[in-house]
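Peer 1: Can you look at this prediction? I've put the sequence above it.
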Number of protein chains: 4
Amino acid sequence: MDNALFDKWQQILAAQPFSVFVGAELAEASSDRVQLRLPIREHHKQNFGFVHGGVIGYLADNALTFAGAIRLGTSSVTAEMKINYIRPAIGDHLIARAEAISGGRSQAVTRCDVFVVSEGQEKLCAAAQATIVALPKP
Amino acid sequence: MDNALFDKWQQILAAQPFSVFVGAELAEASSDRVQLRLPIREHHKQNFGFVHGGVIGYLADNALTFAGAIRLGTSSVTAEMKINYIRPAIGDHLIARAEAISGGRSQAVTRCDVFVVSEGQEKLCAAAQATIVALPKP
Amino acid sequence: MDNALFDKWQQILAAQPFSVFVGAELAEASSDRVQLRLPIREHHKQNFGFVHGGVIGYLADNALTFAGAIRLGTSSVTAEMKINYIRPAIGDHLIARAEAISGGRSQAVTRCDVFVVSEGQEKLCAAAQATIVALPKP
Amino acid sequence: MDNALFDKWQQILAAQPFSVFVGAELAEASSDRVQLRLPIREHHKQNFGFVHGGVIGYLADNALTFAGAIRLGTSSVTAEMKINYIRPAIGDHLIARAEAISGGRSQAVTRCDVFVVSEGQEKLCAAAQATIVALPKP
């Protein structure tokens, strides 16, 4: 069952041209938690040599939306997101971990922590919170 | 003078590997306003065929940071950002317009509207607000 | 017509026990803009002698919700709000000015600037952005 | 030691005229967590009979600031806050629980969950995230 959920969301990620372009990978998708992983490449950086905030924001956004959509159980979009950038991201890869903290019929609230991993050590580099809204049934 | 400011920020944008990777262009950089432009390509989209929220968030983030740094007059980073996604972005290109609404020695507050342009018509697709913080002088 | 709108929202404000308790007054309610006014009293302050952030947040929240509900044309609630505190509020009264920047059938995005007024001079002390959601029809 | 911390922050709360006016009580203040409690009174409500969002926002704001200031170890202010309202608050009292998720020399990021308690049962009614900034030493 969780495998089916994972497969479903891996296919959705693969169907997002921007996620493929950026290089995000699904590491976990369950009713409890979503994890996205991004190996850091040169083209992810900004002018100081850190990962660009836009990359971190993208990863958080995607994890937040997935976690909300899983909770809502239907096609959903991100109505809004807020992200705090906590430390410069320098390392091997990023991990975004998101979970739904509430969810009704039409709306979920989700939180996400983004970690930068360097030589196996995780450091929190951003924290986000979002509102995910179910799309009206067609 | 404004030309010098524009040239400076165009060089900073060109020095951001992720901005080059995504394809953002500087359209305006003045003490009043920053505009970034992004021609929409297939690889910017998500699974519904709209521009991915992460692309819109990236463009807003960069415009917000530039507007804040120009106000603060020094190297700066985005401490945090909040973005509302208002309508699906379908069109030819995105325009992000940002301005500082306050600025002291160490911190500026900036706002950004992101428009999607289709056949010459602009529609608001996102609205963001951010806190930009001056980096300590080395 | 605008008079009818103003009267309606003044009655709603008067029907909010917390707004009466805090002392907020409606200064404007139109399809373009909502203004709330709060004469600053000793009991609005925090331990440094400034107006408490919670007072400013309350006033912004109320103005944001009113502006969104007017745009949506139906009973509405605030789904979420983000506020930047820009400078300490010291003065005679606060003014919160809010407007809807977008609005569909079910959701509006609103912005609000809060000013502190001292000897007739306005200074921006906070800036907020919110998502207002229409309540389901009974 | 924790008792000293609790006493200190209880005194700070008592020195905030608005907190006294609203009726907030300190329930916990430690390096791990801050809890504020608010017995719900008629004057805390809005026009639908729920606790006004401004009350919930005030309680979250205060808990977020206390948690950040404890982490930073110095006088601090809230630079910005974001709050999601999750369900209408109807009950006996509110509990706001805040913790710092990061903290450096000058800035902390804090999160807060606000619960409404009715007949001993807690329900999450809001979730907030904030940036707390240390005031420059005089």
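Peer 2: Okay, I see it.
Peer 1: got the contact list for the most centrally placed residue in chain A?
Peer 2: For chain A, the residue nearest the mean C-alpha position is A:A63 (2.1 Å; CA atoms, centre = their mean). Neighbouring residues of A:A63 by CB atoms under 8 Å, 6 or more residues apart in numbering or on different chains: A:34-36, A:96-98, A:112. The C-beta positions use only the backbone N, C-alpha and C, and glycine is treated the same way.
Peer 1: Pull the distance from stretch A:51-66 to the chain's centre.
Peer 2: With CA atoms, centre = their mean, to the nearest Å as the basis, stretch A:51-66 stands 5 Å off its chain's centre.
Peer 1: rewinding a little: which element, helix or strand, includes the residue nearest to the centre of chain A?
Peer 2: If you go by DSSP states H and E, A:A63 is part of helix A:53-72.
Peer 1: Which elements pack onto the helix or strand just after that helix?
Peer 2: As assigned by DSSP H and E, the chain's next helix or strand after helix A:53-72 is strand A:76-85. Applying 3 or more CB pairs under 8 Å, 6 or more residues apart in numbering or on different chains; DSSP states H and E, one finds that strand A:76-85 makes contact with helix A:53-72, strand A:121-134, helix B:53-72, strand B:76-85, strand C:76-85, strand D:121-134.
Peer 1: ok, 6 Å please
Peer 2: When contacts are defined as 3 or more CB pairs under 6 Å, 6 or more residues apart in numbering or on different chains; DSSP states H and E, strand A:76-85 sits against helix A:53-72, strand A:121-134, strand B:76-85.
Peer 1: Okay, buried residues for the second one please.
Peer 2: Right, the one you point to is strand A:121-134. By 16 or more other CB atoms under 10 Å in any protein chain shown, the buried positions in strand A:121-134 come out as A:125-134.
Peer 1: Those: which ones sit near chain B?
Peer 2: Taking CB under 6 Å from any CB of the partner chain as the test, chain B is in contact with none of the buried residues of strand A:121-134.
Peer 1: wait, which of those is closest to D:Y85?
Peer 2: Taking CB to CB as the measure, D:Y85 sits nearest to A:T131 out of those, at 10.0 Å.
Peer 1: ok, for the closest one, nearest residue in space, not its chain neighbours?
Peer 2: Excluding its sequence neighbours, the residue lying closest to A:T131 (CB to CB, 6 or more residues apart in numbering or on different chains) is A:A79, at 4.4 Å.
Peer 1: tell me the contacts of the one you found?
Peer 2: Contacts for A:A79 (CB atoms under 6 Å, 6 or more residues apart in numbering or on different chains) come out as A:131, A:133, C:131.
Peer 1: Kindly reformat the contacts of A:A63 as TSV containing pLDDT.
Peer 2: What follows is the contacts of A:A63, written out as TSV (pLDDT from 0 to 100):
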residue	pLDDT
A:V34	98
A:Q35	98
A:L36	98
A:A96	98
A:R97	98
A:A98	98
A:C112	98
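Peer 1: can you redo these as a markdown table with distance to B:F21, neighbour count and secondary structure?
Peer 2: Formatted as a markdown table, the contacts of A:A63 follow (distance: CB to CB, whole Å; neighbours: other CB atoms under 10 Å in any protein chain shown; DSSP: H, G, I helix; E, B strand; the rest coil):
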| residue | distance to B:F21 | neighbour count | secondary structure |
| --- | --- | --- | --- |
| A:V34 | 25 | 30 | strand |
| A:Q35 | 24 | 20 | strand |
| A:L36 | 18 | 28 | strand |
| A:A96 | 19 | 28 | strand |
| A:R97 | 25 | 19 | strand |
| A:A98 | 24 | 29 | strand |
| A:C112 | 23 | 27 | strand |
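Peer 1: Any chance of these in JSON lines with distance to A:A27 as columns?
Peer 2: Shown next, in JSON lines, are the contacts of A:A63 (distance: CB to CB, whole Å):
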{"residue": "A:V34", "distance to A:A27": "9"}
{"residue": "A:Q35", "distance to A:A27": "4"}
{"residue": "A:L36", "distance to A:A27": "6"}
{"residue": "A:A96", "distance to A:A27": "9"}
{"residue": "A:R97", "distance to A:A27": "9"}
{"residue": "A:A98", "distance to A:A27": "11"}
{"residue": "A:C112", "distance to A:A27": "13"}
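Peer 1: B:A15: which of these is nearest?
Peer 2: Looking across the contacts of A:A63 and measuring by CB to CB, the closest to B:A15 is A:A96, at 25.9 Å.
Peer 1: partner residues bridging the closest one?
Peer 2: A:L36, A:V114 (DSSP bridges).
Peer 1: Make sure it is actually in contact with A:D61.
Peer 2: No - A:A96 lies out of contact with A:D61 (CB atoms under 6 Å); the separation is 8.9 Å.
Peer 1: Check which helix or strand the nearest residue to A:A14 once chain neighbours are set aside maps to.
Peer 2: Nearest residue to A:A14, sequence neighbours excluded (CB to CB, 6+ apart): A:V20, at 6.6 Å. Element membership for A:V20, per DSSP H and E: helix A:17-22.
Peer 1: Per-residue pLDDT of A:M1, please?
Peer 2: Looking at A:M1, its pLDDT is 52.
Peer 1: Count the neighbours of A:A14 for me.
Peer 2: Using other CB atoms under 10 Å in any protein chain shown, A:A14 has 13 other residues around it.
Peer 1: That one and B:V34: what is the separation?
Peer 2: When CB to CB, to the nearest Å is applied, the distance between A:A14 and B:V34 equals 35 Å.
Peer 1: Dump the buried residues of strand A:121-134 to JSON lines, plus pLDDT.
Peer 2: Listed next are these as JSON lines, based on pLDDT from 0 to 100:
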{"residue": "A:C125", "pLDDT": "98"}
{"residue": "A:A126", "pLDDT": "98"}
{"residue": "A:A127", "pLDDT": "98"}
{"residue": "A:A128", "pLDDT": "98"}
{"residue": "A:Q129", "pLDDT": "98"}
{"residue": "A:A130", "pLDDT": "98"}
{"residue": "A:T131", "pLDDT": "98"}
{"residue": "A:I132", "pLDDT": "98"}
{"residue": "A:V133", "pLDDT": "96"}
{"residue": "A:A134", "pLDDT": "95"}
